[in-house]
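Peer 1: Here is a sequence together with a model predicted from it:
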Amino acid sequence: MTNGPRTVLLGATGYLGAITARALVERGLTPILAGRDGHRLSQLAGELGGLDFQIADARDRGSLTALISPGDVVISTITPFRAVGEEVVRAAVTRRAHYLDVAPEPPWVRTVFQKWGRPAREAGVVVMPSVGFSFSPGNIAGAAALQEAGPEATRVQVAYFVLGDFEQDSFGAGVLESVTGALFEPGLVRRDGIIDTEMPGRRERTYTIDGLERRAISVGGPEHFTLAQFQPRVLDVDVFIGWLQVDSKGRSLLPKSATSTARLSPGRAMTKFRHRRMVRDAAEGPDSVGRTGMVSMVVAEAMDPAGNTLSRVTLTGPNPYDLTARLLAWHAIAVPNCGPAAAGATGPVNAFGLTSAIEGARQAGLERVD
C-alpha cells in the first residue's frame, strides 16, 4: 500500500464509483470511500480489504468539510455535476485539497476553469475536471498532435468514439443523465483565441472509422481550455463526440433538440420528456463481461489556419468505464507530485508534462494506433 496524501472517493457506491474504488486499490492506494448509503459503503469497503469509509452528502457543506483534509486528493464521481458539483469543489479548494472529477458536462467544465481556477491557484492545489474517457485522452492526443505539427498549427479538432458492442444498455443512469442532459445546455467553443458559448451539436463532422462513416457532433470540453494552455498559439479548438448513435432497437441516444431547430420549438419539451424517460429506464450499467465488448477511441488533428491537417494522433483503449477508473487512479498518484506551478484549473498535459501524461495514459490502457 502507498503512503502519502489521502485519496477520498465521493460517490463510491455508484456504478462508476465502485469501479474506480477497485482501480484505486489495484494501484496500491487505500481510498476513503464516501457517500450517503452507509450499508453499501460498509459492504464495498469490506470487499476491498477493510477500507475506511465515511457518510457524506455532496450537497452538505458541513459533511464535506469534515471529510476533506489539507493535501487530500478528492475524486468525485457523483453526477450530474451541474446539480451537485459546486459544494464538492468548493470544499476541496477551501480545505486545500486537490480535486478530480469525471464530468462530461460542458457547462460544469466552464465553471471549474473560469470560477475555480484562480482560487485553486491561490490555494496551491490542482482542480481537474473530466478525468477519464471524457475528456483526458483528447487533451493528451491533441497536445501530441500539436507538438508533432510544429509552429504552423493553430487549430485542433478532437473526436471521441466508442466502438464494439455499444448500445443504450451500455449507459448507467447517472452517466446517461450527465452526458445527454448536458446536450440541452449551452456548451463551449474556442474561436480566435476566445472561449465562447455554443449549443452542442451546432456543427457535425464525418469520420471514417474501420471503413465505416461515423457522424460526430460538436460539444464543449476541457480541451478548449487545456490545449491553449499547452500551446498559446492555438486559436481554434473543436471537440466532437461520435458515440451517441442509434441503439439496437432503433432508439436515438441523442436528444434531437441538441442538433436541430427543435431546440427553438415546442418539440424541445417533448424531446426533454423522452430524455427523462430514457434516464429513468436506464440500467445500472454493463457488468465486467459486457464492458469488455467496448473499445474507446479518440482522434486528434492539428491543423494550419487554412484547415489543412498537419498531424493526426489516434489513441485506442479499453471500455470508457474501466479506462476512466484507471486514469483516475493514475492521476490520484501523480497529482500530489506535480508541483506548485501546476496549481489551478488544468488538464493532465499541463499538470504533468506531455511525456508523463502519455505514460499515464499507456498505464491505463491507451495506445497510439497511428
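Peer 2: Sure, I can see it.
Peer 1: C-alpha from now on. contacts and neighbour counts both.
Peer 2: Fine.
Peer 1: end-to-end on stretch 92-99?
Peer 2: 6 Å (C-alpha to C-alpha, to the nearest Å).
Peer 1: the domain parsing of the chain - what is it?
Peer 2: The chain breaks down into these domains under automatic domain parsing: 7-131+321-359, 136-320.
Peer 1: which stretch among the ones you listed comes nearest Asp370?
Peer 2: In this view, the domains of the chain are compared for proximity to Asp370 by C-alpha to C-alpha, and domain 136-320 is the closest at 5.7 Å.
Peer 1: picking up where we left off before, among the domains of the chain, which is the most enclosed?
Peer 2: Compared across the domains of the chain, domain 7-131+321-359 shows the largest average neighbour count, a mean of 21 (mean count of other C-alpha atoms under 10 Å).
Peer 1: Could you check how far it is from the centre of its chain?
Peer 2: Centroid separation between domain 7-131+321-359 and its chain, computed with C-alpha atoms, centre = their mean, to the nearest Å, is 12 Å.
Peer 1: can you check stretch 6-21 too?
Peer 2: Distance of stretch 6-21 from the chain centroid (C-alpha atoms, centre = their mean) equals 15 Å.
Peer 1: contacting residues around the closest residue in space to Pro186 that isn't next to it in sequence?
Peer 2: For Pro186, ignoring the flanking residues on the chain, the nearest one in space by C-alpha to C-alpha, 6 or more residues apart in numbering is Met199 at 4.7 Å. Applying C-alpha atoms under 8 Å, 6 or more residues apart in numbering to Met199 gives the contacts 183-188, 219, 258.
Peer 1: same deal with Ala21?
Peer 2: Ala21 neighbours (C-alpha under 8 Å, 6+ apart): 9, 12, 31, 33, 325.
Peer 1: how far away is it from Leu10?
Peer 2: From Ala21 across to Leu10, the span is 10 Å (C-alpha to C-alpha).
Peer 1: Need the overlap of contacts for those two.
Peer 2: By C-alpha under 8 Å, 6+ apart, Ala21 and Leu10 have these common neighbours: Leu33.
Peer 1: ok, now which ones touch the residue nearest the centre of the chain?
Peer 2: Centroid-nearest residue in the chain, with C-alpha atoms, centre = their mean: Ser130, separated by 2.6 Å. Listed by C-alpha under 8 Å, 6+ apart, the contact partners of Ser130 are 100-104, 109, 136, 222.
Peer 1: at 10 Å instead, please
Peer 2: The neighbours of Ser130, taking C-alpha atoms under 10 Å, 6 or more residues apart in numbering as the test, are 100-106, 108-109, 136, 221-223, 324, 328, 347.
Peer 1: I'd like the distance from Leu328 to Asp322, if you could.
Peer 2: For Leu328 relative to Asp322 (C-alpha to C-alpha), the value is 10 Å.
Peer 1: wait, Ala21
Peer 2: Applying C-alpha to C-alpha, the value for Ala21 to Asp322 is 11 Å.
Peer 1: tell me the phi and psi of Glu359?
Peer 2: Backbone torsions of Glu359, given as degrees, to the nearest 10, read phi -70, psi -40.
Peer 1: That one and Ala83: what is the separation?
Peer 2: Glu359 is 34 Å from Ala83, by C-alpha to C-alpha.
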